[in-house]
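K.L.:
Got a sequence here, can you build the structure:
(one chain, ligands or ions: 1)
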Amino acid sequence: MADQRPGIEPEFFDVFHDLLRWGGCEVRRGYGGWVPEVYDLMEGDFEDDIPLVLELAEETGGPVLDLGCGTGRLTIPLLREGLEVFALDSDARMLEILDEKASLLPPCDHKRLTLLQQDMRDCRTPRPAALAVCSTNTFLYLGSLDDQRKALRSIYNCLMPGGVLWLDVFVPKPNPSADEPYLTSHLDPATGTLLLYGAQTREDHFTERSLVNAFTMLLPRQGSPQVFLQSWTYAWLHPNELRLLLEDSGFRLRTLLGDYDGGEADEASVQMIAIAERRS
Ligand SMILES: C[S@@+](CC[C@H](N)C(=O)[O-])C[C@H]1O[C@@H](n2cnc3c(N)ncnc32)[C@H](O)[C@@H]1O
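P.N.:
Next comes the predicted model:
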């Protein structure tokens, strides 16, 4: 039976693509949630998780493995705090931007950074990490339980015995407005470039995933607009599923937080942050 639910169809993207090219836009298509060049403009000012991550990092003493580090929203404060960081991301451009930012730090801080262009399902660190951080839903890009298991086993192997894992994911909940389109804009004060971002999500309750189609349009003051069209999925993880997955992969759940102030997760929580220890 044809799917009658609203949502941006993949075919729509083909037409949109041709239309934009015809209009003189540079169009890039890809899989994955973010455009490295505009990640900081869109997400860079999110700081809620930083104090707890820093506290945990200081408690363990490092090194810290920042999984899916992106442009270094967490890596940079960790370096500033005097910690050694293994910054891991599958996207080379994200790592380049992070390195450009880290090179502005005092040389003694920059020196403590190791960049790893790797997939977290198969990660290797120069030496065992004391803390691994997988922030704000990054783990959910792993679209199947198999991939999530692979990643956890791989993270386990990168940690020292007793090493700690910080895993922050959203709590799946019924959301009547989930399928509604989302549109937002940002103005880059440094360049005057206007950024338009639109996304539409389709929830699949059988495979327990959110399927997202999004566009990011950059309108510079001068020159042609650039458009990025992207599709990706978020795999849902329910609290007990997360507990089982961690146990299964050799971790002991220390606590499941429901916010960045250290409160325990409960039915009102929007995010859940598992803090787990590697069993030796
Ligand atoms: C939402 S961003 C998070 C960036 C940063 N940790 C933060 O909190 O701002 C997710 C990042 O994970 C990376 N990523 C996604 N899947 C990955 C995988 N399987 N292995 C390594 N990195 C991955 C993406 O390239 C992206 O930079």
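
K.L.:
Residue 148 is in contact with residue 139, correct?
P.N.:
Yes - Residue 139 is in contact with residue 148 according to Cβ atoms under 8 Å; the separation is 6.9 Å. All C-beta spots, glycine's among them, are computed from the backbone N, C-alpha and C.

K.L.:
Mind checking which of those two has more residues around it?
P.N.:
Set side by side, residue 139 and residue 148 show unequal neighbour counts under other Cβ atoms under 10 Å, the larger going to residue 139 at 25 against 22.

K.L.:
wait, what's in contact with the more buried one?
P.N.:
For residue 139, the contacting residues are 67, 68, 148, 151, 167, 168, 169, 237, by Cβ atoms under 8 Å, 6 or more residues apart in numbering.

K.L.:
which parts of the stretch 1-150 of the chain sit against the ligand?
P.N.:
If contact is defined as Cβ under 6 Å from any ligand atom, the residues of the stretch 1-150 of the chain in contact with the ligand are 32-34, 43, 68-70, 73-74, 89-91, 94, 119-121, 135-136, 138, 141.

K.L.:
try 5 Å this time
P.N.:
68, 70, 73, 89-91, 94, 119-120, 135-136, 138, 141 (Cβ under 5 Å from any ligand atom).

K.L.:
Could you identify the most distant pair in those residues?
P.N.:
The largest distance within those, taken as Cβ to Cβ, falls between 73 and 119 and amounts to 19.8 Å.

K.L.:
Those two - which one has more neighbours?
P.N.:
The neighbour comparison of residue 73 against residue 119 (other Cβ under 10 Å) goes to residue 73, with 22 against 15.

K.L.:
Pull out the buried members of the residues of the stretch 1-150 of the chain next to the ligand.
P.N.:
Members of these that pass the buried threshold by neighbour count (16 or more other Cβ atoms under 10 Å) are listed as 68, 70, 73, 89, 90, 91, 94, 120, 135, 136, 138, 141.

K.L.:
Among these, which lie within helices?
P.N.:
Those of those mapping onto helices are residue 94, per DSSP state H.

K.L.:
possible to save the buried ones among the residues of the stretch 1-150 of the chain next to the ligand as TSV with pLDDT?
P.N.:
Listed next are those as TSV, based on pLDDT from 0 to 100:
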residue	pLDDT
68	97
70	95
73	97
89	96
90	94
91	92
94	94
120	97
135	97
136	93
138	95
141	93
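
K.L.:
need the contact list for the residue in the stretch 151-280 of the chain that the ligand sits nearest to.
P.N.:
Scanning the stretch 151-280 of the chain for proximity to the ligand using Cβ to the nearest ligand atom identifies residue 151 as nearest, at 6.9 Å. The neighbours of residue 151, taking Cβ under 8 Å, 6+ apart as the test, are 120, 121, 139, 142.

K.L.:
Okay, it and residue 252: tell me how far apart.
P.N.:
In this structure, residue 151 and residue 252 are 18 Å apart, going by Cβ to Cβ, to the nearest Å.

K.L.:
do the same with residue 225
P.N.:
Plainly put, residue 225 is 51 Å away from residue 252 if you go by Cβ to Cβ.

K.L.:
And for residue 150?
P.N.:
Following Cβ to Cβ, the distance that separates residue 150 from residue 252 is 20 Å.

K.L.:
quick one: buried residues of stretch 96-111?
P.N.:
By neighbour count with 16+ other Cβ under 10 Å, stretch 96-111 contains the buried residues 97, 98, 99, 101, 102, 109.

K.L.:
And for stretch 139-150?
P.N.:
Buried residues in stretch 139-150 (16+ other Cβ under 10 Å): 139, 140, 141, 142, 147, 148, 150.

K.L.:
Give me the phi and psi for the residue lying closest to the second one once chain neighbours are set aside.
P.N.:
What it means is residue 140. Closest residue in space to residue 140, ignoring its immediate chain neighbours: residue 234 at 4.3 Å, by Cβ to Cβ, 6 or more residues apart in numbering. Dihedral angles phi and psi of residue 234 (degrees, to the nearest 10) take the values phi -110, psi 120.

K.L.:
List the residues that contact residue 234.
P.N.:
Contacts for residue 234 (Cβ under 8 Å, 6+ apart) come out as 137, 140, 141, 170, 209, 210, 212.

K.L.:
which of those residues tops the neighbour count?
P.N.:
That'd be residue 140 among those, by other Cβ under 10 Å, with 22 neighbours.
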